[in-house]
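>>> The following block contains a protein sequence and its predicted model.
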Amino acid sequence: MRGTAGNAALPMPFFILTDRLFFPDARQADREGLVAVGGDLSVERLLLAYRSGIFPWTVDPITWWSPHPRAILEFGNFHASDSLQKLLRRRQFTITLNQAFAQVMEGCAAAKPNRRETWITTEFVEAYTELHRRGWAQSLECWQDGVLAGGVYGVSIGGFFAGESMFYRISNASKVALFHLVNHLEQRGYELFDLQMLTTITRQLGGVTITRQDYLRRLKKALKKTCNFT
């Protein structure tokens, strides 16, 4: 899951995409992980990107990335602290699937006291909402007293799930959402849970990094599976 996208000048050289539906091999990424620049955020291009081990991060310009190392969360390795375990036992949140996808994205995009910028722009909200409408993007929501307290969303293809972002309005609701999402994916037979880039929070929850080569190998295997999110 990604942090705020920077506005630094792009490294050179990089592959410039045209209208043709194509990506270079993810292994051709530069040492920062940049694969290509340009193209669009159409459903078809987004699906090709994820199947190729690539994801978009900015819109002006559109940039496409495949970092090395790559962050994942191994099923069965979710680490819940003592305080989080107590919170889970209290069951103070109601958990739903795909009941408020757009609201979850908007929650992830909202400004926070310690984060003035976000990579989740209007263009991303529109693109991933269309992915959701077409059945390729999913959300898990945490509710308290009928109010959305937190959630997480991502892209689901075969036995692969790419966690895009999570948010909370009530303390630890995002961690509860991620816990339930990991359990749900495991029960549904998913093979690979992609975190893309490791953050302080995802590291605390059990996220690890693997090489790009290992990630691409595992992605290829996961995409061959047939898993239903709901």
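In hand now; what should we look at? Keep in mind it's a predicted model, so treat the numbers as computed, not measured. Residues are numbered from 1 along each chain as shown.

>>> drop to CA atoms for contacts and neighbour counts, all remaining ones
OK.

>>> what are the ranges of the strands in this protein?
Per DSSP state E, the chain carries strands over the ranges 15-17, 34-38, 55-59, 62-65, 70-72, 94-97, 137-144, 147-157, 160-168, 192-196, 208-210.

>>> mind listing what the second one pairs with, with the direction of each?
It refers to strand 34-38. strand 15-17 (parallel), strand 62-65 (antiparallel) (DSSP bridges).

>>> so how far is Asp145 from the residue positioned nearest the centre of the chain?
Centroid check for the chain by C-alpha atoms, centre = their mean gives Glu164 as the closest residue, at 1.8 Å. To Asp145, Glu164 is 26 Å away according to C-alpha to C-alpha, to the nearest Å.

>>> buried stuff in the longest helix seen in the chain?
Using DSSP state H, we find that the single longest helix of the chain is helix 173-187. The neighbour-count check on helix 173-187 (16 or more other C-alpha atoms under 10 Å) flags 173-182, 184-186 as buried.

>>> Likewise for stretch 81-96?
Residues 84, 87-88, 93, 95 are the ones in stretch 81-96 that count as buried (16+ other C-alpha under 10 Å).

>>> same deal with stretch 37-55?
Across stretch 37-55, burial judged by 16+ other C-alpha under 10 Å covers 37-41, 43, 45-55.

>>> pLDDT of that stretch, averaged?
Per-residue pLDDT over stretch 37-55 has a mean of 98.

>>> For Glu130, give me its contacts.
Val43 (C-alpha atoms under 8 Å, 6 or more residues apart in numbering).

>>> Could I get the pLDDT score of Val152?
Reported pLDDT at Val152 in the predicted model: 98.

>>> Name the nearest residue to it, ignoring sequence neighbours.
The shortest distance from Val152 to any non-neighbouring residue, by C-alpha to C-alpha, 6 or more residues apart in numbering, is to Met166 (4.1 Å).

>>> surely that neighbour meets Cys108?
Yes: with contact defined as C-alpha atoms under 8 Å, Met166 counts as touching Cys108 (5.7 Å).

>>> on that earlier part again, the buried residues of stretch 81-96 in helices, which ones?
For the buried residues of stretch 81-96, the ones inside helices are 84, 87-88, with DSSP H as the criterion.
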